[in-house]
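Participant: Would you be able to build a 3D model of this:
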Amino acid sequence: MVLCLGGLLLGESALTLAQYQQALQDPGSPPGEVIWTIRAPRVLMAALIGGSLGLAGATLQGLLRNPLADPGVLGVSAFAGLGAAASIVLGLASIVGAVELGALAGAGLAGTLVLGLSARFKEPEALILLGVSLSSLGGALTALIFNFSPSPIATAEVMNWLLGSVENRDFGDILRALGPVLLGAGLCFWSARGLTMLTLGEETAALSGLPMDRLRMAAVAGTALVTGAAVAAAGVVGFVGLAAPHLVRRMVGDEPGRVLAPSALAGALLLVGSDLLARMLQTEQELKLGVVTALFGAPLFALVAWRAARSWRG
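Facilitator: Alright, predicted model coming up:
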């Protein structure tokens, strides 16, 4: 809440106390436009995307029983980026919502492939390998689009999308992303019992009486939905889904079901803070959100991993 308030009050355009008062009294005034039309949707979008990625990362780490799993491990992020890149190169960027629909279509394709394969290959190692293969394929096809892009402008737009940003978003963008995010989050939380049971091993989980196949597929479908919606709304943003669960795990324990909600909050905190930092840094061109999360997320995650390694040795 403090970061969200900071996102509303702080930015490239410094406002006086009188202007803040004017914005509260008259939302249609110039200061009101800055706070309620430009900054507020940006803050809310960052919180929504960060929460989605944090939740997806915690769900995948519980499902695959791998602390290095993140939303990109199943190839959903790569295919969502591919769908967005294809839409831009085909000249559809001028149509409202076309790029977002392309990204969702790519994420849906990857999610459908993984969902079908997960019903046949239940081992987490197999899912990881399949996800890495899909991610590599999506990256290769996106590179192919770069290679055959018809114009430098289209290439720049694709690169701009792949770097991730919540700049120039409005409440309509938030509402379009909210539906798939809520549906995916519901599936992730419904699968929490199965994720907890998987910590006891596949055989024990199979004997628990829970519908493990359905819970496993719900986890995959939920992460695909929230990740696809996040990429469709803000482009490719890395490290949030990987780092967020590790930031809260020591406080709430290792039970995967208990990590989901705190990871979503940690992801929202990370992305709102990163976006605020990107706005406040004095640079000629504003840093992209994906660049900020990579620059500060990698050292942060390295610190978390170093502390975990020390505890394992102890």
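Participant: if I look at the closest residue to Val166 other than its chain neighbours, how far off is Arg249?
Facilitator: Ranked by Cβ to Cβ, 6 or more residues apart in numbering and with sequence neighbours excluded, the top spatial neighbour of Val166 is Met45, at 4.4 Å. Every residue, glycine included, has its C-beta placed from N, CA and C. Using Cβ to Cβ, to the nearest Å, one obtains 26 Å as the distance from Met45 to Arg249.
Participant: Compare these two and say which is more crowded by neighbours.
Facilitator: Met45 (25 against 22; other Cβ atoms under 10 Å).
Participant: ok, now how distant is that one from Ala56?
Facilitator: On the measure of Cβ to Cβ, Met45 and Ala56 end up 16 Å apart.
Participant: which stretches of the stretch 1-150 of the chain have low pLDDT?
Facilitator: Confidence mapping of the stretch 1-150 of the chain against pLDDT under 70 gives the ranges 118-119, 121-122.
Participant: Quick one: neighbours of His246, just the number.
Facilitator: Residues near His246, counting by other Cβ under 10 Å, number 23.
Participant: And Leu281, by the same measure?
Facilitator: Counted with other Cβ under 10 Å, the burial measure for Leu281 works out to 11 neighbours.
Participant: Assign the nearest residue to it once chain neighbours are set aside to helix, strand or coil.
Facilitator: On the basis of Cβ to Cβ, 6+ apart, the spatially nearest residue to Leu281 that is not a chain neighbour turns out to be Leu287, at 6.2 Å. Recorded secondary structure, Leu287: coil (DSSP: H, G, I helix; E, B strand; the rest coil).
Participant: For Leu287, report the pLDDT, please.
Facilitator: Leu287 carries a pLDDT value of 79.
Participant: separation between it and Thr196?
Facilitator: Leu287 sits at a distance of 39 Å from Thr196 (criterion: Cβ to Cβ).
Participant: State the distance from Gly253 to Pro262.
Facilitator: Noted for Gly253: a distance of 10 Å to Pro262, by Cβ to Cβ.
Participant: So for the two, which sits in the more crowded spot?
Facilitator: A count of neighbours by other Cβ under 10 Å puts Pro262 above the other of Gly253 and Pro262, at 19 against 11.
Participant: contacting residues for the more buried one?
Facilitator: If you count contacts by Cβ atoms under 8 Å, 6 or more residues apart in numbering, Pro262 has them with 248, 251-252.
Participant: Type out the ChimeraX command that picks the buried ones from those.
Facilitator: Buried members of the contacts of Pro262, identified by 16 or more other Cβ atoms under 10 Å, are gathered into one ChimeraX selection as follows:
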select :248
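Participant: Which members of the contacts of Pro262 occur in strands, if any?
Facilitator: When the contacts of Pro262 are checked against strands (DSSP state E), there are no matches.
Participant: Include distance to Ser135 and pLDDT when you put the contacts of Pro262 into CSV, please.
Facilitator: Conversion of those to CSV gives the following (distance: Cβ to Cβ, whole Å; pLDDT from 0 to 100):
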residue, distance to Ser135, pLDDT
Val248, 25, 90
Met251, 30, 88
Val252, 29, 86
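Participant: What is the nearest of the contacts of Pro262 to Leu300?
Facilitator: Nearest to Leu300, judged by Cβ to Cβ, of those is Val248 at 13.2 Å.
Participant: ok, and the residue nearest to Val166, which helix or strand is that part of?
Facilitator: Per DSSP states H and E: Met45 is located in helix 40-64.
Participant: That helix packs against which elements?
Facilitator: On a contact count with 3 or more Cβ pairs under 8 Å, 6 or more residues apart in numbering; DSSP states H and E, helix 40-64 meets helix 2-9, helix 124-147, helix 171-190, helix 192-198, helix 212-234, helix 240-252, helix 256-280.
Participant: what residue lies at the spatial centre of the chain?
Facilitator: Nearest residue to the geometric centre of the chain (Cα atoms, centre = their mean): Leu53, 3.2 Å.
Participant: before we move on, the earlier item: for the contacts of Pro262, could you give me JSON lines that also reports distance to Ser149?
Facilitator: Putting the contacts of Pro262 into JSON lines (distance: Cβ to Cβ, whole Å) gives the following:
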{"residue": "Val248", "distance to Ser149": "41"}
{"residue": "Met251", "distance to Ser149": "46"}
{"residue": "Val252", "distance to Ser149": "45"}
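Participant: any idea of the angle whichever helix or strand comes after the helix holding Met45 forms with helix 240-252?
Facilitator: Using DSSP H and E, the helix or strand that follows helix 40-64 towards the C-terminus is helix 76-89. Taking axes from the mean of the first three to the mean of the last three Cα atoms, to 10 degrees, helix 76-89 and helix 240-252 form an angle of 150 degrees between their directions.
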